[in-house]
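> Dropping a prediction and its sequence here:
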Amino acid sequence: MTDTAKPVVPEVLDLSGDAAALTGSRCTACGAVYYPRAAGCRNPECGSGALEPEPIVGYGVLHSFTVQRYQPPSLFGMDPWSPYAIALVDMPQGVRVMGIVAGRHMQDLQIGMRLSLASQVIAQDGEQPVATHMFVPADDRS
């Protein structure tokens, strides 16, 4: 875990536990899950405003991906930078999450493969590393 790293967006990424977790929302009335967090339930059959935090953790399935060959703006800049894959991953909580895929050559990615939510240091803020969520192929996880 990246114990000393701070998240790029602290309200979304939790690095305090044994594994990276994203914070979504779950409707207390109908159980719909949203990521990122929602202000109210968007289920037209529900309409409840009662939401509670919902951790998005664990393994997901690669739904789609693309390779980014341009250097992103400084907020999300990686140092050192190189092309990377960014994916949509179907998580077991019922949401689709976008994130960087690391740990394997991009040509080995396959739709339907299992990925694990993790974190990656992408920059430095003075002395403190800055991390974001990312995914690694399940068989690359130690």
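Arrived safely. Numbers count the residues shown, from 1 in each chain.
> Tell me the bridge partners for the nearest residue to C41 once chain neighbours are set aside.
Distances taken as Cβ to Cβ, 6 or more residues apart in numbering put C27 closest to C41, at 4.1 Å, once the chain neighbours are dropped. Bear in mind the C-beta positions are built from the backbone N, C-alpha and C, glycine included. Following DSSP bridges, C27 is listed with bridge partners L51.
> now do R96
Beta-bridge partners of R96, as defined by DSSP bridges: D90.
> returning to what we had before: how confident is the prediction for the residue nearest to C41, by pLDDT?
Reading off the per-residue confidence, C27 sits at a pLDDT of 97.
> Hmm, it is touching L51, no?
Yes. Checked against Cβ atoms under 8 Å, the pair C27 and L51 is within contact range at 5.7 Å.
> who touches both of these two?
Shared contacts of C27 and L51 (Cβ atoms under 8 Å, 6 or more residues apart in numbering): 34, 41.
> related to what we said a few turns ago, can you get me a residue count around the residue nearest to C41?
Number of residues near C27 (other Cβ atoms under 10 Å) recorded here: 22.
> what's the longest strand seen in the chain packed up against?
Secondary structure of the chain read by DSSP state E shows that its longest strand is strand 114-125. Applying 3 or more Cβ pairs under 8 Å, 6 or more residues apart in numbering; DSSP states H and E, we find strand 114-125 packed against strand 59-68, strand 84-90, strand 96-101, strand 128-137.
> So what does the residue of the chain most remote from its centre have for phi and psi?
Distance from the C-alpha centroid of the chain, by Cα atoms, centre = their mean, peaks at E45 (28.1 Å). The phi and psi torsions at E45 (degrees, to the nearest 10) take the values phi -90, psi 0.
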